[in-house]
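> requesting a structural model of the entry that follows:
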Amino acid sequence: MKYIITESQYKKIMSERFKVSKDERTIISDTENFLQIVPLTEAASCKYGAGTKWCVTSKENNKFSWYKEKGWDVSMVMIKNPDIQNIFGTTKFALNLYNEYIEVHNDQNKYFDLAKVSEEAGVLNEVKLIVDDYINFMKTNRNVEIVKNTVV
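Down below sits the predicted model:
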């Protein structure tokens, strides 16, 4: 059974479980329904990706450094609204750049149709802005010239 938690419950759990400073992450979007961060350290990646099966949050064989070495920062998007969490079937999802393509993973590290669930939840335009913020971050901060947005 999957449990959906409130934003305040999530913040309390994360602040108690993982201690990282604010300079270990960059907030690239903070909208009505979503908070998008890019973790800058492995500890921050584990904090914001807690409860997922992402390779950048695992205790063993963590791939955070591998992605960083390639200049491919992972974006972690926390869903603030419980109704949207229910439609998405997750409390968070990740965007990552692999070669030139953006990939989307839910908390179980499975691909899902971001455009479809965003439209169903009535937040497609907001999600498009989040994806654009990620693309702009990668182009500006990581000198990535080509990013193919095939997700929304």
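> tell me, how many residues neighbour residue 116?
For residue 116, the neighbour count with other C-beta atoms under 10 Å is 11. Just so you know, the C-beta spots here come from the backbone N, C-alpha and C atoms, and that holds for glycine as well.
> what do you get for residue 115?
So residue 115, with other C-beta under 10 Å, has 16 neighbours.
> again with residue 87
Neighbours around residue 87, by other C-beta under 10 Å: 15.
> find the nearest non-adjacent residue to it, please.
For residue 87, ignoring the flanking residues on the chain, the nearest one in space by C-beta to C-beta, 6 or more residues apart in numbering is residue 121 at 4.2 Å.
> SS state for the spatially most central residue of the chain?
By C-alpha atoms, centre = their mean, the mean C-alpha position of the chain lies nearest to residue 76, the distance being 1.6 Å. What DSSP: H, G, I helix; E, B strand; the rest coil gives for residue 76 is strand.
> which residues touch the helix or strand that contains residue 116?
Assigned by DSSP states H and E, residue 116 belongs to helix 114-121. Helix 114-121 is contacted from outside by 83-84, 87-89, 93, 104, 124, 126-128, 131, 151-152, using C-beta atoms under 8 Å, 6 or more residues apart in numbering.
> not counting sequence-adjacent ones, nearest residue to the residue nearest to the centre of the chain?
The shortest distance from residue 76 to any non-neighbouring residue, by C-beta to C-beta, 6+ apart, is to residue 48 (4.6 Å).
> contact partners for the one you found?
Going by C-beta under 8 Å, 6+ apart, residue 48 touches 14, 25, 37, 39, 76, 78, 92.
> how much space separates it from residue 54?
For residue 48, the distance to residue 54 (C-beta to C-beta, to the nearest Å) stands at 10 Å.
> now the residue nearest to residue 76: phi and psi?
phi -80, psi -20 (degrees, to the nearest 10).
> off-centre distance for stretch 131-148?
Distance, stretch centre to chain centre, for stretch 131-148: 15 Å (C-alpha atoms, centre = their mean, to the nearest Å).
> what comes up buried for that stretch?
Neighbour counts using 16 or more other C-beta atoms under 10 Å place 131, 133, 134, 135, 137, 138, 142, 144, 147 of stretch 131-148 among the buried residues.
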